[in-house]
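>>> please find the sequence and the predicted model below.
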Amino acid sequence: MNDPQKAKFVSFEGIDGCGKSTLMDRLADWLKEARIPYVRVREPGGTTIGEKIRQILLDPASSDMTGRTEVLLYSASRAQLTWQVIVPALERGEWVLADRFVDATFAYQGFGRGFDPERLEMIQRWATGGLWPDKTILLDCEVALAMSRLGGREGTDRDRIELEEEAFHRKVRSGYLALARKEPERFILLDASKPLEEVVEDFRKRFWLARF
Ligand code: TMP
């Protein structure tokens, strides 16, 4: 790490069911052990306003939502989270661990729905004031494996995006891989099809050796 004093902004990405939350738990544990303060947020959501937007976005009853509305609602939730939580936390010197950020919009709405990446980037830069993650952890695995993991989730029904057909999730997955190829310095790409402990170990080694 080139500046260990500076608070870092780390986002976690991947298709639904790839296992992001386990890795976020581990990083949170390591930071706690090292007595490094952090906040943990999720998208869409993470603020009172954002959680209301999340309900609209993920409700299967919102099936008539237009693609543009979807882009703008994800971006609105992100703007609220950025200015209400992320920027103040970084200014206080606290790390931020985010369950998804701008790359989710590039992968799902860009590669998945087919929206123009340049336009999406313009909207994201405006919504976040240009704030971008220092590091992005991308968990990658076959769509079929991720889907089978989702199927095994207890007590939760699939949300509107998870209910999309497999072809959509395949486009999202290859979109994420394309994003990681484009910015190899920012992304840490992990093979999430390995046994969990191996994924955590790969993450631990690559993360603490990474340059921020
Ligand atoms: P979650 O299940 O990881 O909480 O994410 C909610 C869903 O919203 C997930 O299916 C991914 C999707 N999503 C987008 O389509 N675009 C975005 O910008 C974000 C943040 C999430």
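Right, received. Where do you want to start?

>>> alpha carbons only for contacts and neighbour counts from here, please
OK.

>>> low pLDDT regions in this protein?
In the predicted model, the chain carries pLDDT under 70 at residues 1-2, 4, 152-156.

>>> tell me which parts of it are close to the ligand?
Remark: the part of the chain in contact with the ligand comprises Asp16, Glu43, Pro44, Tyr74, Arg100, Phe101, Ala104, Thr105, Tyr108, Ile161, Glu162, using CA under 6 Å from any ligand atom.

>>> in helices only, show me those.
Counted as lying in helices by DSSP state H, out of these, are Tyr74, Ala104.

>>> among the residues of the chain next to the ligand, which two are most distant?
Between all members of the residues of the chain next to the ligand, the longest pairwise span (CA to CA) is found for Phe101 and Glu162 and amounts to 17.4 Å.

>>> quick one on the thing from earlier: of the residues of the chain next to the ligand, closest to Arg119?
Of all those, Arg119 sits closest to Thr105, with 11.3 Å by CA to CA.

>>> that closest one and Arg26, how far apart?
Spatial separation of Thr105 from Arg26 under the definition CA to CA, to the nearest Å is 25 Å.

>>> so these two - more neighbours on which side?
Neighbours of Thr105 and Arg26, each counted by other CA atoms under 10 Å, are more numerous for Thr105; the result is 24 against 14.

>>> which residues touch that one?
Neighbour list for Thr105: Val71, Tyr74, Leu120 [criterion: CA atoms under 8 Å, 6 or more residues apart in numbering].

>>> so the second one touches Pro44, yeah?
Yes - with contact taken as CA atoms under 8 Å, Tyr74 and Pro44 are classed as touching, separated by 6.2 Å.

>>> what touches both of those two?
With contacts taken as CA under 8 Å, 6+ apart, Tyr74 and Pro44 have Ile53 as neighbours in common.

>>> now the helices for this structure?
With DSSP H, the ranges of helices along the chain come out as 20-33, 48-58, 67-81, 87-91, 102-104, 117-128, 143-151, 166-182, 196-209.
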